[in-house]
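1. give me the fold of what follows.
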Amino acid sequence: MDWIVHDSHDEFYRRPFGAVPCGSRVRLRVKVHSKERVDSAHVRLWKDGTEQNLDMQRIRTADGVLVYEAEFEVSQDPGLLWYYFYIIKGNGVYYYGNNHQRLGGIGVVQEQPPPSYQITVYSPGFTVPDWFKETVLYQIYVDRFFNGAEDGRVLNPREGSLIHGCWNDTPLYVRDPDNRGIRRWTFFGGNLEGVIKKLPYLKELGIGAIYLNPVFDSPSNHKYDTGDYLNIDPMYGDNETFRRLCEKAKEYGIRIILDGVFSHTGSDSIYFNKEGNYPGLGAYQSKESPYYRWFRFIEYPHIYESWWGIGTLPNVEEMEPSYQEFIIDGDNSVVKYWMRMGAAGWRLDVADELPDGFIKKLRRTVKAVDPEAVLIGEVWEDASNKVSYGQQRAFLWGEELDSVMNYPFRRHLLDFVLGNKDALQFHRQMMSLYENYPRQAFFASMNLVGSHDVARILTLLGEGDAGDRLKETEKEKARLSASQRALGLARLRVMSAVQMTFPGVPCIYYGDEAGMEGYADPYNRGPYPWGREERGLLEWYRTIVALRNNHQALRAGEWFLLAADGDVYGYLRKKGGERIAVFVNRNPQDEARAIADIGRWGEGEWQDLLDRRGKLVAGKGKTEVRLLPLETKILLKTD
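-> Here you go, the predicted structure:
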């Protein structure tokens, strides 16, 4: 064991745990195991370029173990505070800081300045609506969900578009052979009326909110190349259809969250109008256009900044006052208009490409229109310390986002289920987020396992291969074998069990619950297999979502580790007098056992929620929990 010890996850060493509001008092401790004289102990703090070195006071000596302590008040301004320790002994200076994975918890001793520990300091007024933290989300890619037209026809097909003749086709791109750009967009005919008609299905599944991929007027099937922010795409319906969707969804207790694509528009849009398909002057056509100042031209008009160099997605200047007036500030701004039509919040596309000032202003407007509305950001990493384009981002400091898409949860849980990481490694990754995120944000994190930007989760769980080595024609035809699919389905039960019982807001990507397969875009965006669902999996999802919805401990309970050893991961959720223990064995061949101190949380019988005839009896001390291959146990104890 290192002779200097600090554990940022243990309140003996750091109190309070995790992120803190501005102005909070923090106490740091370090233990020093040394038979030689220790001259002094210090902690180095810095935030926003300002450094402070604090002398630590020795508070106890027992059996040669020295304990040093320092207490201080954090800044009144939100941001990231960093720290490490240094001990002076004889002629040497010894440093103690974060581990090399920068995951918090137990650190390392070094003879040079080490990685630092992080304390996130956030605005004390930061709150997230309770309804969001306790709901289950469902993501819908509208063109591929359901066609609600009475006669089954595709609404208002665009000139040059290609319509699939069979709903069960595999999606594809028709590319230009010269530049590989999209030459023709293909459509299946899903629309908002289809979402309305499937609200009973979603209610039965246990869904409380729908996140819609973009629905505004646009030439593509993905709609991230916005043509008109103030009108629903005619292939999806019209503005009245959207209003009616929100109204009908509310009757089912379901809210609608929109995708806000504000870092770029489409080149084929009212605002840029490169193709000349809209009336009026777009920025591409004339410098006299009212939209000219929105875009970043390098050599007018043909060379301009665009999202990742894709010419159909010209970047906008988000801090341009006229753009902010249109999107945020105006009496009938885009944000206000759609919220008044019934939207309950926004998911911000590529949030790391939106300036902090833009997001802060957008948040203030969203909350002014509806304090219960939510703002979710697309961020693929730890959002508390995200750096983009050389700038430290303030996403979760209490003045911007309520929640982020929890891609780290997906990535690390997938690695655990596939056997690439053990249970302890997965837990350490989750503890890092728990430590770095404000509590409100951690319990509001959008915990996804699938989305329109990653391969279908069943395909990954069945093969463990992202398809990078396959040609496009091979991806199009690829299907899991019977044995691969059986393995994938069994693994998905484990993964979804963790997703539905873990702190945060679970989000189901449409069709994952029905057993859809597919490699990355466009194969992960297939049409929902109505009438061809994997019935057993669908029933499993209904069961596991119902467990979450029916138990307050799973919706809003505290989170404690029970076991993290190799193939087995176990944790406890607690709210009031309700305690729920969750154990999973990720091994597909071998039984496993967990040794956990369940009796600490309640001696006697624990009810098995997945097997009503099953129970576990916990006594004092450790209790053994046996798990079959790829088995999940969810155990309930109440006062």
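2. which residue packs closest to P200, ignoring adjacent ones?
-> Using C-beta to C-beta, 6 or more residues apart in numbering and skipping residues adjacent in sequence, the residue nearest P200 is Y252, 7.4 Å away. Every residue, glycine included, has its C-beta placed from N, CA and C.
3. so who does the one you found touch?
-> Residues in contact with Y252, defined by C-beta atoms under 8 Å, 6 or more residues apart in numbering, are 199-200, 202-203.
4. distance of it from T61?
-> 64 Å (C-beta to C-beta, to the nearest Å).
5. for H9, see how far away the closest residue to W397 other than its chain neighbours is.
-> Distances taken as C-beta to C-beta, 6+ apart put P78 closest to W397, at 3.8 Å, once the chain neighbours are dropped. Using C-beta to C-beta, P78 is found at 22 Å from H9.
6. name the residue in these two with the higher neighbour count.
-> P78 (22 against 18; other C-beta atoms under 10 Å).
7. assess the claim that that one and G125 are in contact.
-> No: assessed by C-beta atoms under 8 Å, P78 is found out of contact with G125, at 10.5 Å.
8. burial of L354, as a residue count?
-> L354 has 24 nearby residues by other C-beta under 10 Å.
9. no, scratch that, I was asking about Y68
-> Neighbour tally, Y68, other C-beta under 10 Å: 24.
10. pull out the buried members of the contacts of Y252.
-> Buried members of these, scored by 16 or more other C-beta atoms under 10 Å, are 199, 202.
11. pretty sure V128 contacts Q440?
-> Yes: the criterion here is C-beta under 8 Å, and V128 meets it with Q440 at 4.5 Å.
12. who does L635 form a beta bridge with?
-> A581, D608 (DSSP bridges).
13. what of A209?
-> Assigned bridge partners for A209, using DSSP bridges, are L137, R255.
14. state the distance from it to Q440.
-> A209 is 17 Å from Q440, by C-beta to C-beta.
15. and the two? Which one has more around it.
-> Comparing A209 with Q440 by other C-beta under 10 Å, the one with more neighbours is A209, at 22 against 19.
16. contacts only, for the more buried one.
-> 132, 135-138, 254-257, 344.
17. how about low-confidence regions in the stretch 201-350 of the chain?
-> By pLDDT under 70, the stretch 201-350 of the chain contains no weakly predicted segment.
18. longest strand of this protein, counting residues only.
-> strand 79-89 (DSSP state E).
19. list the buried ones in stretch 219-230?
-> Quick answer for stretch 219-230 (16+ other C-beta under 10 Å): 219-229.
20. again with stretch 417-437
-> So for stretch 417-437, counting by 16+ other C-beta under 10 Å, buried means 417, 421-423, 426-437.
21. pLDDT weak spots in the stretch 401-550 of the chain?
-> In the stretch 401-550 of the chain (pLDDT under 70), the answer is 464-466.
22. check contacts around the nearest residue to L354 once chain neighbours are set aside.
-> Leaving aside its sequence neighbours, L354 sits nearest to S263 (C-beta to C-beta, 6+ apart; 5.5 Å). Applying C-beta under 8 Å, 6+ apart to S263 gives the contacts 307, 315-316, 318, 349-350, 353-354.
23. could you pick out the longest helix of this protein?
-> helix 482-501 (DSSP state H).
24. how is the protein partitioned into domains?
-> According to automatic domain parsing, the chain is divided into the following domains: 4-122, 265-316, 552-638.
25. I'd like those as JSON lines, with distance to E193 appended.
-> Putting the domains of the chain into JSON lines (distance: least, C-beta to C-beta, whole Å) gives the following:
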{"stretch": "domain 4-122", "distance to E193": "42"}
{"stretch": "domain 265-316", "distance to E193": "24"}
{"stretch": "domain 552-638", "distance to E193": "31"}
